[in-house]
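Student: here is a sequence together with a model predicted from it:
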Amino acid sequence: MSALDDSKTGETTSAIGDFKVPLDVPHHAACARDDLERRLLRKLDLRMSIIVVIFTLNYIDRSNVSNARLQGFEQDLHLQGQQYATILSILFVGYIIMQVPANMFLYWLGRPSIFLPSCMLVWGAISALTGITKNYAGAVLARFFLGFAEGPFYPGSLFLISQWYKRDELALRVALISCGIPISNAFGSLIASGILQGMQGKLGQAAWRWLFYVEGSVTMFVAICAMFILPDFPHNTRWLTPEEKALAISRLAEDGDSRTEPSNKTSMQGLWDALSDWKVWWFTVAYAIQLLSQSFFAYFPTLSATMGYNTTVSLLLCAPPWVFSTIVAFALSRYSDKKQRRYIYFAASNAVTALGFIISICTMNTAARYLSLFLMAQVYAGYMVFWGWVNNTWSQEPAKRAVALALINGLGSIGNITGSYVWQSHWGPTYRYSYAVCLSTIGVSTGMLGVMHLYLKHLNKQMVRKDSERDGKDNEGLGGPVGFRYLV
């Protein structure tokens with residue numbers, strides 16, 4: 001994307017792909033443009049909503065082993081010691097391997113409507129086949145390849161929305177697509193309770209095996225539908241009119257400035273740019289530590305069971321905290337977009353989560369521990385603001401952003417691997433040591449991102465000063481064009 005000056009018309013335009021679109025819209029056309037923009041966003045949001053369904057199924061297929069654990073999964077596969085924790089963690093090995101190459105390939109291919117559903121089709125098949133495993137080795141292999149197939153989806157979907165929405169629209173859209181995570185935790189447990197209660201012994205199969213068969217099959221069906229619903233990128237999405245394509249492109253051009261990178265930057269150049277930027281690595285380490293503090297996700301049904309209820313009730317009790325988490329996530333993300341601030345809302349969400357950890361450390365009271373599950377679950381609100389922040393940080397560099405998103409999400413998932421071993425059975429039912437680990441790590445991640453917050457504020461001040469000097473003014477550049485600024 002680059003700004004050009006049309007010498008024949010005197011009009012500033014933006015060249016992207018095969019399109020040349022005006023950046024300055026005449027005053028008399030403003031109302032018509034606003035109406036077209038509203039229609040474009042409605043159409044786009046409606047299409048993008050399929051990602052919520054995909055995300056829900058993504059996490060259901062990833063976490064259904066936790067629900068299966070309550071109905072004989074460990075006993076039937078004769079698991080011992082840390083073998084269950086290994087089955088959980090091995091998924092993230094395959095998940096990490098695929099992140100960067102998949103997003104580089106997606107950037108090169110330019111067809112997310114084909115690539116992302118194809119990955120979904122594969123992981124749905126692997127999830128269904130997990131139900132036929134007979135031993136520990138089979139479960140490990142199934143989980144490894146499940147992670148391998150799931151790896152491209154989250155960074156790919158983040159990159160897809162970053163190619164359509166402006167900086168002040170991103171956090172809410174990240175929340176919209178990412179709400180599939182808490183929804184899956186809520187309704188995945190409800191669905192699992194129905195399957196585990198009603199399918200035991202059907203066709204001679206254990207109920208936990210039916211859990212994988214049913215949920216994997218649903219994923220494959222939705223994957224086929226998604227191929228006809230998902231958009232590609234603004235310049236090559238077939239169901240947009242020429243006017244809508246031009247507007248989609250010009251919106252992004254207006255959101256940028258002269259620092260916007262050329263559209264012909266290659267995936268390999270994006271890889272090098274991301275690897276050589278220390279901010280990418282700082283976000284990656286902070287995210288890995290943050291995910292370690294969120295390791296209770298995979299053990300949520302187990303933590304619910306510590307309140308002393310049977311399997312069905314324990315699974316049903318998992319739903320309300322995640323519904324609450326979804327509501328908080330929408331509210332926080334919308335407010336973050338409105339105020340154009342990120343870190344303060346991320347830190348506030350982490351502080352509430354830390355309070356939940358402290359309550360669980362201090363008491364075994366049923367009501368207090370259930371309240372703590374609500375406080376801990378809302379950490380997803382800050383998690384979604386975090387990804388809006390990451391997208392904003394490299395919003396001007398699509399090739400670099402594609403790699404940065406994948407690198408942060410991929411290597412950051414090392415936190416999920418280590419987190420799988422934090423909740424050891426002999427630490428239950430209080431899990432005080434586990435909660436203490438989560439409490440300390442969430443403090444570290446909040447502090448690290450606080451440092452990044454201060455650094456980006458410093459860069460913004462430097463850019464304001466340079467703009468002011470360039471314009472020959474002493475009013476912090478208010479008399480000239482406002483360039484790119486980091487959201488902090």
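Tutor: Cool, the structure landed. Numbering: from 1, shown residues only.

Student: going forward, measure contacts and count neighbours with C-alpha atoms only.
Tutor: Noted.

Student: please enumerate the helices of the stretch 301-450 of the chain.
Tutor: 311-339, 343-362, 366-377, 379-393, 398-412, 414-419, 432-470 (DSSP state H, counting those that start in this stretch).

Student: who's in contact with the fifth one?
Tutor: Which is helix 398-412. 95-100, 103-104, 107, 151, 155-156, 158-159, 163, 261, 265-267, 269-271, 273-274, 280-281, 283-289, 291, 390-391, 394-395 (C-alpha atoms under 8 Å, 6 or more residues apart in numbering).

Student: what angle separates that helix from helix 379-393?
Tutor: Between helix 398-412 and helix 379-393, the angle formed by their directions is 150 degrees, by axes from the mean of the first three to the mean of the last three C-alpha atoms, to 10 degrees.

Student: starting at the chain centroid, how far to helix 398-412?
Tutor: In terms of C-alpha atoms, centre = their mean, to the nearest Å, the centre of helix 398-412 is set 12 Å apart from its chain centre.

Student: using PDB, write out every CA atom in that helix.
Tutor: The C-alpha trace of helix 398-412 is given here as PDB (Å, rounded to 0.1, in the frame of the first residue of the first chain):
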ATOM      1  CA  PRO A 398       1.200  -6.500   6.500                       C
ATOM      2  CA  ALA A 399       4.000  -8.900   5.600                       C
ATOM      3  CA  LYS A 400       5.700  -8.300   9.000                       C
ATOM      4  CA  ARG A 401       2.400  -8.500  10.900                       C
ATOM      5  CA  ALA A 402       1.600 -11.900   9.400                       C
ATOM      6  CA  VAL A 403       4.800 -13.300  10.800                       C
ATOM      7  CA  ALA A 404       4.700 -11.400  14.000                       C
ATOM      8  CA  LEU A 405       1.200 -12.600  14.900                       C
ATOM      9  CA  ALA A 406       2.200 -16.200  14.100                       C
ATOM     10  CA  LEU A 407       5.500 -16.000  16.000                       C
ATOM     11  CA  ILE A 408       3.900 -14.500  19.100                       C
ATOM     12  CA  ASN A 409       1.000 -16.900  19.100                       C
ATOM     13  CA  GLY A 410       3.200 -19.900  18.200                       C
ATOM     14  CA  LEU A 411       6.200 -19.500  20.500                       C
ATOM     15  CA  GLY A 412       4.000 -18.000  23.200                       C
END
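
Student: most tightly packed of the helices of the stretch 301-450 of the chain?
Tutor: helix 398-412 (a mean of 27; mean count of other C-alpha atoms under 10 Å).

Student: now do that helix, average pLDDT.
Tutor: Taken as a whole, helix 398-412 has a mean pLDDT of 86.

Student: all helices for the stretch 151-300 of the chain, in order.
Tutor: 153-162, 170-178, 180-198, 207-226, 242-254, 267-275, 278-293, 300-305.

Student: any chance of those in JSON lines with mean pLDDT as columns?
Tutor: Formatted as JSON lines, the helices of the stretch 151-300 of the chain follow (pLDDT from 0 to 100):
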{"stretch": "helix 153-162", "mean pLDDT": "87"}
{"stretch": "helix 170-178", "mean pLDDT": "75"}
{"stretch": "helix 180-198", "mean pLDDT": "73"}
{"stretch": "helix 207-226", "mean pLDDT": "91"}
{"stretch": "helix 242-254", "mean pLDDT": "83"}
{"stretch": "helix 267-275", "mean pLDDT": "86"}
{"stretch": "helix 278-293", "mean pLDDT": "95"}
{"stretch": "helix 300-305", "mean pLDDT": "83"}
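
Student: mean neighbour count, these: which tops it?
Tutor: Note that of the helices of the stretch 151-300 of the chain, helix 170-178 is the most buried (mean count of other C-alpha under 10 Å), with a mean of 25.

Student: now it - C-alpha only, PDB.
Tutor: The C-alpha trace of helix 170-178 is given here as PDB (Å, rounded to 0.1, in the frame of the first residue of the first chain):
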ATOM      1  CA  LEU A 170      -9.700  -4.000  15.700                       C
ATOM      2  CA  ALA A 171     -10.100  -4.700  19.400                       C
ATOM      3  CA  LEU A 172     -13.800  -5.200  19.200                       C
ATOM      4  CA  ARG A 173     -13.500  -7.400  16.100                       C
ATOM      5  CA  VAL A 174     -10.800  -9.500  17.800                       C
ATOM      6  CA  ALA A 175     -13.200  -9.900  20.700                       C
ATOM      7  CA  LEU A 176     -16.000 -10.800  18.300                       C
ATOM      8  CA  ILE A 177     -14.000 -13.600  16.700                       C
ATOM      9  CA  SER A 178     -12.300 -14.700  19.900                       C
END
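
Student: that's all I had, so thanks and see you.
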